[in-house]
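Engineer: Sequence first, predicted coordinates after that:
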Amino acid sequence: MAPGGALDFVPFGLTTPEMAAVMGALGARDAVMLDGGISSQLLIRDPAGVRRWTGLREVPLALVVRARPYR
């Protein structure tokens, strides 16, 4: 029997070692892993458009990452 209700949306994510492996596979030299709790959110803006994943609570601050030109 599934828990249902609010537990249908409980965010499950990667562990720190799993995320390190993903970032390494993506070619990242440096990365920061922040809290992935119920307030975590993500917005990606790229040529394909905007993709948004919202959390269960509003977030009063953000970390903005911008690509720098390739040298």
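Structural biologist: Okay, I see it.
Engineer: switch to C-alpha atoms for all contacts and neighbour counts from now on
Structural biologist: Will do.
Engineer: Once you drop chain neighbours, what's closest to the residue nearest to the spatial centre of the chain?
Structural biologist: With distances taken as Cα atoms, centre = their mean, the chain has Leu42 as the residue nearest its mean C-alpha position (5.1 Å). In space, Leu42 comes closest to Trp53 once its chain neighbours are excluded; the distance is 5.1 Å by Cα to Cα, 6 or more residues apart in numbering.
Engineer: if I pick that neighbour, what's in contact with it?
Structural biologist: Residues counted as contacts of Trp53 (Cα atoms under 8 Å, 6 or more residues apart in numbering) are Gln41, Leu42, Leu43.
Engineer: just Leu43 next, same as before
Structural biologist: Counted by Cα under 8 Å, 6+ apart, Leu43 has contacts Val50, Arg51, Arg52, Trp53.
Engineer: quick one: the third one and Asp46 touch, right?
Structural biologist: No - judged on Cα atoms under 8 Å, Arg52 makes no contact with Asp46 at a distance of 11.5 Å.
Engineer: Sweet, I'm off.
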